[in-house]
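Visitor: I would like to see how this sequence folds:
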Amino acid sequence: MQKKKSRVVKGNCNPEWNDELTLKVKDLNLPISLAVYDKDTFTADDSMGDAEIDIKPYLEAKEMGLQELPPGTKLDRVQPNRKNCLSDESCIVWNYGKITQDMCLRLRNVECGEVEIQIEWNDSPECSDSDD
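Guide: Numbering: from 1, shown residues only. Next comes the predicted model:
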């Protein structure tokens, strides 16, 4: 299983990371797992919740093979439901040759909490099967 870590934001109860992480997705049928932790110095880090990122709607929009659309064109809208961790409607948008999806995810296994993310697919040669 692949793991990536963001940088630590100290002294903030409502942190903003604005980090860019690149993941190699091997199984397109599985959601991406996200876990949020509170960094502790002398004890084990505390779990702040977790969520799953369902990439299937994004991949379906990507497979439409659309070109030359006006910037900001909404390709699809994904509604929150019991099968995803969305806390609000999420739009898949075409912008200058790239497809992005902004999501507000409700964290599970915690009283309350949300995390905002944006996904973008990158067909990079750096992510070939020979890299593990």
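
Visitor: Near residue 59, how many other residues are there?
Guide: When neighbours are counted by other CB atoms under 10 Å, residue 59 registers 15. C-beta: built from backbone N, CA, C; applies to glycine.

Visitor: Which phi and psi values does it adopt?
Guide: phi -60, psi -40 (degrees, to the nearest 10).

Visitor: Residue 17 versus residue 117, what's the distance?
Guide: Applying CB to CB, to the nearest Å, the value for residue 117 to residue 17 is 10 Å.

Visitor: check contacts around residue 108.
Guide: Shown in contact with residue 108 (CB atoms under 8 Å, 6 or more residues apart in numbering): 49-51, 85.

Visitor: where does the residue of the chain positioned farthest from its centre land on pLDDT?
Guide: Distance to the chain centre peaks in the chain at residue 42, reaching 29.8 Å (criterion: CA atoms, centre = their mean). pLDDT for residue 42: 85.

Visitor: Please apply the same query to the one 10 residues further on.
Guide: Here the pLDDT value assigned to residue 52 is 94.

Visitor: How about residue 30?
Guide: pLDDT recorded at residue 30 is 91.

Visitor: Run a quick neighbour tally on it.
Guide: Considering only other CB under 10 Å, residue 30 is surrounded by 12 other residues.

Visitor: what's near enough to touch it?
Guide: No contacts exist for residue 30 under CB under 8 Å, 6+ apart.

Visitor: Name the spans of this structure whose pLDDT lies under the cut-off.
Guide: By pLDDT under 70, the low-scoring segments of the chain are 1, 124-132.

Visitor: switch the cut-off to 80
Guide: For the chain, the stretches flagged by pLDDT under 80 are 1-5, 7, 10-15, 40-41, 123-132.

Visitor: Report the spatially nearest residue to residue 10, omitting neighbours in sequence.
Guide: Distances taken as CB to CB, 6 or more residues apart in numbering place residue 39 nearest to residue 10, at 7.8 Å, with adjacent residues excluded.

Visitor: Pairing partners for residue 35 in the sheet, please.
Guide: residue 50 (DSSP bridges).
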